[in-house]
Structures are given as structure tokens and as C-alpha cells.
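Enquirer: Need coordinates for the following:
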Amino acid sequence: MTLHPHDATDKPRTCNRAEIPERYRWKTEDIFDDWAAWEAACGQLEQLIGRYAQLKGTLRGGPEQLLAALQLADDLGQLTYRVYYYPALRHDEDQRDNETNARRQQAQILLAKSAQAGAWFNPELLTLPLETVQAWTHQLEALAIYRFSLEEVYRQQEHVLDDKGEHLLSLASRFRSAPDDTYAALTTADMQFPTVTLSTGEQVTVTYGRYRAILAENRQQQDRAKVFKALYTCYQNNLNTYASLYSAVTERDWFVARARNYPSTLHAALHGDNIPVSVVENLIATTRAGTQPLQRYHRLRKEVLGLDSYRLYDGAIPLARHDKKYRYDQVKDWIIESVAQLGVDYQSLMREAFAGRWIDVYENEGKRSGAYSAPVHGVHPYMLLNYNDTLDDMFTLAHEMGHSMHTILSHRHQPFVYASYTIFVAEVASTFNEALLLDYLLANSTDPAERATLLQHAIDSICGTFYTQVLFADWELRAHRAAEQGEPLTAAKANALYGDLLTQYYGGVVDPDPLYDITWSRIPHFFRSPYYVYQYATCFASSARLRQMMRDGRGSDVIQSYLTLLKAGSCDHPMALLQAAGVDLSDNETVQAVVWQLDGLVDQLERELAQSDTEMNTFPK
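Expert: The predicted structure follows:
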């Protein structure tokens, strides 16, 4: 059987939003009928904010008063979701609309007022003994729901300072974003993108987007080398500044960790979700020891592309010539069919999402770029796409649908206080959906070129979402530990750390280039949110472990555990929720599941390429 996406309806040829059929546009009327209804809700939110602020000083009155404050906070939170997302979604439909943007900013102001109105709650709660609050949760049945969230406030208290200390840290917090703000200005506002001449004679300005496109589409290695050097030279010219900024990041993080009595910056970063440091250390150690399949893949790429030398900028070019279009109306059916293992209820919920206009599918003038799933509590998730019939678009749809299914299951099975899930588990459902879709497509395609393209997409996802993110986490952990030991972080030191890791992860497969070593300087997450990227890899490992357990004959049990995870929201610490689903990230076998998965995919890709008739060895060098 060969998949035939061309049988589906073609995408609209217009970029005029009003001319795009209604079924491809999300239905924001599910939130509010119109702007008048939204304005009324803003007034209601103002009233709730005032009522909540007036509850300050009442918690000592007993369990009923505590419950009243918590329930009002829930009402406030649920209304806040709707008041914010209505103008936010409308703004993303056309970001040129200043009136809608003004309303979005009005909602942001209300959100800030809501946060200020509730700032009294945690400090006042902590004046009560934990034992008293726990007794109240046993005494009043309706209050028992909040037990875990209340105990979390006390757990976090371990690293809260006295009033004077907290005041000093609050003053210092004004400067917390300075390295990131400066980095953003340097790489965006002040960046002078170079122009290069390609082998065709075409002149291109090497912006970030154009750079990625050329590396993925231009089969002339000399062109890829030229744009790589042009962009990286921009960073090299300011390398000492980037190093100074990142040194400030590590020193800031070490200052805050010591001020709050954490033994290290890693402990401080993981405490919020109660993640043991061994999880990150095990992730890094196991991945570093499991790089053989990664190196195998790049050796295969070098051979298939017929390159005498193989560089990092050669890693995105497709190995098979395959330009099939993946029409949205057909793809949505495939996605529904691919999740059949998860049960008819899950499929029915997914059909509801596709049929209920939860999705804004196609590009239009002024529309926000990219893709996301917005969790509008009390309504349903909304998905923004810019679907363009590509393979990547198809998997992006499956990815965002995974987030949306996670959201709706969590919202429908948890009280508001636990309805949201943490970043630590957020990418499990999305990557799991992608894996199911890949299995379905491979099982239903007999075209070797298509199968090779699908396999390369899956492998590249592992390389980018897992191995690259672990390498990043490895580097920032080393950089932070150097700061903790009082070592200066110069440009040369940062380069040496990164270059050493490239050697460890890629071995001798990739030919060296001094510009590789400065890659750290163009990773915004390092400057914006340290100790964040490892979570992409832990989610990917969790998803891979679940798929492995399903293939090992534990299908029905694993599926039920997985669905329970999706319904759990944040009713417990994320590690505990994953462990209940059979995934233990402190066990190296969980991380090893990704290594085994990649090894198997490379085996499959080798077989498909051997059967393909797409002139693999005639690509220009």
C-alpha cells in the first residue's frame, strides 16, 4: 500500500483570512461570543481581583477561610485563562491589528493585577504550622483536594529567606534578565547579517531563517560552507562579549543558589519540580556513552552524499529525493488512525478536536508564524499552525495534537489547581504522538524513497531533540560548575569546553572546524533560561521508554499507565507521575531506550536506501 495524500482537498490558494474556508479557522466564539462579552468578563475579573485582595489576613480563621481563599483563587485563575487567551488568539490571527493588540495588553495588565492581588497568600499561609494545615485538610473534605499544593508551598519554604533577605533578592531580581536582554539586543537588534554569493550567482542575506533553509535545501556543499562561515563569523566577531554575558549568567545563578542555601546551581534549578540531580547526571553520562548510533548515522550520511569531507553543516540535507505533498485533510485522518492503540475514547477526542474548529490551519497575511497549542482552561485547547503540506508540517500537526490531547485529558480529570502539567513532562505526549504516526506511515508506505525520508525525519528528531539538547545541557553544567569552583569563563574556556564535547559526541566522524567551537554563543536558551534544555531530552527518553515497553508485549498495561499520566496534570511531582507510568529517569535504561531506538532506525534507513532508486550517490558535493 502507498499513501496518497494528493487525494485530499488542496490547501486554499489565498492568504486573505476571510477567504479561507471556515473549517480551517479556529472558533474563538467558544471562549466569548464577541468583544462585548470579553469586556464584561474583564469587569468580572476586576471584581474577583478586588474580592481576593480583601481576603488577606483571614487564613488564621480556620479551614473554611482557607478553603474560601483557595476556591476564589481557582475561580480567578479559570477566568484569567479566558480573558487572556481570547485577545491573544485573535491577535495571532493578524498581528498587524493594533486594536486587538491593545486589548491583549489590557489583558496582560489584568493578569499582573491578579498576581499582585494574590501575593499575600503564600507568606500568610507560611505563618501557620504545617501540621495545622494538614489537620485542616483531614477535617474538611473539600480542602483535602488542595493538600499536595499546600504542602508544596511549605517544601519550597526550605530555601526562602527572612524578610530582609527576600527584600534584597527582590531588588537584585531587577537585573536578572540583563544578560538575556543584552544578548537579544546583540543578536537581533544589532546583528548585521552578511550577504554572500552562492554558486548559482544568487546573492542571499544570511538571516537565521535563510541560513537554516540553505543548510536543509542547498545540495552544493560549498554553498553550505559559505553561509555557515558567514553567520558564525558574526558571532566570532563578538565572542568576548558573548563570553562576558555568559559568565554573568553563571555568576548570577551561583549567587542566587548560595543566597538560598543550595549546594549547587543544578540543585537550585531542579528544586522547584523536586527533580534529583542524579537525573541530569545520569542523562548526560548515559547519552555520552551511547553516541555510537549517532556517529553511525553521520558516517552513513557522508557515504550516501558522496562527500570527501563531512561537516556539521552537512547534517540537514535530505538523503532521498522525495517531494510528496501531505495534504491536511488526509493527514488528519492518518493521525487519528495512528493512535488506535490508545483506544476509541482517545480517537473520539481527537476527532472532536479536528471537527470542532480547535485548529487554525493555514497561513494568512499578518498571522503569527510557527505552531503552538494554547491551554484555554474551561473551553478546550487551541492549536495554531501554518500548514504548508510538507513532511515537517505533518509531524508538527501530530506533535501539537499530542500537546492538546494531554491538555484536554488533564483539564477534564483534574481540579483546576492541578490541571496544568509541568515542562518536565510536557513533551512526552507530543513526541509519543509523532512516534505513533511514524509507525503508521512506515506500515502503510511501500515507496522506498518515502520510507527513507520518514526514517530520516525520525532520526533527525532524535539527533536534534535528544543528542543535541543533552550536549547543550552537558556544556552548561560544566560551565556552571567551573563558576562554582571560582574558575573564570573566558571565550577560550567556553570554546574549549564545547569543542571537547563535540569530539566526545561525534568522535572522528565530523571533520573539524574552529568555528564549531563557538556554537555555544548562538544558543539563546543558554542566556535566557539555564538548565532548561535537558527537559527536551528527558521527555524524549520517557516517550522512547514507553514505546519500548509497548513493543515488549506490555501494550495494554503501558497504554493505561500512559493515559493515566496524561490525565494526572500536576497532582504530584513529575518524577512520581512518570514512575507511576513505568518510566524511571534515574534508571539508565530509560535513557538507553533512545540509543537503542536510534540504532534500530539507522538499520532501517540503511535498508531503505539500499532499495531506493533515487540516485543517492550522484548528489553534488
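
Enquirer: Now do the strands in the stretch 1-150 of the chain.
Expert: Counting by DSSP state E, counting those that start in this stretch, the stretch 1-150 of the chain has no strands at all.

Enquirer: got any ranges where it has weak pLDDT?
Expert: For the stretch 1-150 of the chain, the stretches with pLDDT under 70 are 1-9.

Enquirer: Contacts only, for residue 169.
Expert: By C-beta atoms under 8 Å, 6 or more residues apart in numbering, residue 169 lies in contact with 161, 256, 259-260. Heads up, the C-betas are built off the backbone N, CA and C, glycines and all.

Enquirer: With distance to residue 248 as extra columns, can I get these in CSV?
Expert: Output for those, formatted as CSV (distance: C-beta to C-beta, whole Å):
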residue, distance to residue 248
161, 22
256, 13
259, 16
260, 19
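
Enquirer: tally of neighbours for residue 139?
Expert: Residue 139 has 12 neighbours, counted by other C-beta atoms under 10 Å.

Enquirer: my read: it touches residue 63, true?
Expert: Yes. With contact defined as C-beta atoms under 8 Å, residue 139 counts as touching residue 63 (5.6 Å).

Enquirer: out of the contacts of residue 169, which are inside helices?
Expert: Residues of the contacts of residue 169 located in helices (DSSP state H): 256, 259.

Enquirer: Show me which of the contacts of residue 169 are buried.
Expert: 256, 259-260 (16 or more other C-beta atoms under 10 Å).

Enquirer: could you dump those to JSON lines with distance to residue 123 and pLDDT?
Expert: Conversion of the buried ones among the contacts of residue 169 to JSON lines gives the following (distance: C-beta to C-beta, whole Å; pLDDT from 0 to 100):
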{"residue": "256", "distance to residue 123": "19", "pLDDT": "93"}
{"residue": "259", "distance to residue 123": "18", "pLDDT": "93"}
{"residue": "260", "distance to residue 123": "16", "pLDDT": "92"}
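
Enquirer: wait, which of those residues is closest to residue 274?
Expert: Set against residue 274, the nearest of the buried ones among the contacts of residue 169 by C-beta to C-beta is residue 260 (15.4 Å).

Enquirer: Contact partners for the closest one?
Expert: 159-161, 169, 268.

Enquirer: Could you do residue 25 as well?
Expert: With contact taken as C-beta under 8 Å, 6+ apart, residue 25 is in contact with 17, 357, 360-361.

Enquirer: let's go with 7 Å and repeat that
Expert: Residues near residue 25 by C-beta atoms under 7 Å, 6 or more residues apart in numbering: 357, 360.

Enquirer: And it, how far from residue 353?
Expert: Distance of residue 25 to residue 353, given as C-beta to C-beta, to the nearest Å: 14 Å.

Enquirer: can you check residue 114 too?
Expert: According to C-beta to C-beta, residue 114 and residue 353 sit 29 Å apart.

Enquirer: Next: residue 108.
Expert: Taking C-beta to C-beta as the measure, residue 108 falls 27 Å from residue 353.

Enquirer: Compare these two (neighbour count), which wins?
Expert: Per other C-beta under 10 Å, whichever of residue 108 and residue 353 has more neighbours is residue 353, with 21 against 13.

Enquirer: Next, that one: secondary structure please.
Expert: The three-state label given to residue 353 by DSSP: H, G, I helix; E, B strand; the rest coil is helix.

Enquirer: okay, it: pLDDT?
Expert: For residue 353, the model assigns a pLDDT of 97.

Enquirer: For the nearest residue to it once chain neighbours are set aside, which residues are in contact?
Expert: Among residues not flanking residue 353 along the chain, residue 404 sits closest, at 5.9 Å (C-beta to C-beta, 6 or more residues apart in numbering). By C-beta under 7 Å, 6+ apart, the contact set of residue 404 is 353, 358, 373, 381, 383.

Enquirer: in the host helix or strand of the last one, what's buried?
Expert: In this case it means residue 383. Using DSSP states H and E, residue 383 sits within strand 380-384. The neighbour-count check on strand 380-384 (16+ other C-beta under 10 Å) flags 380-384 as buried.
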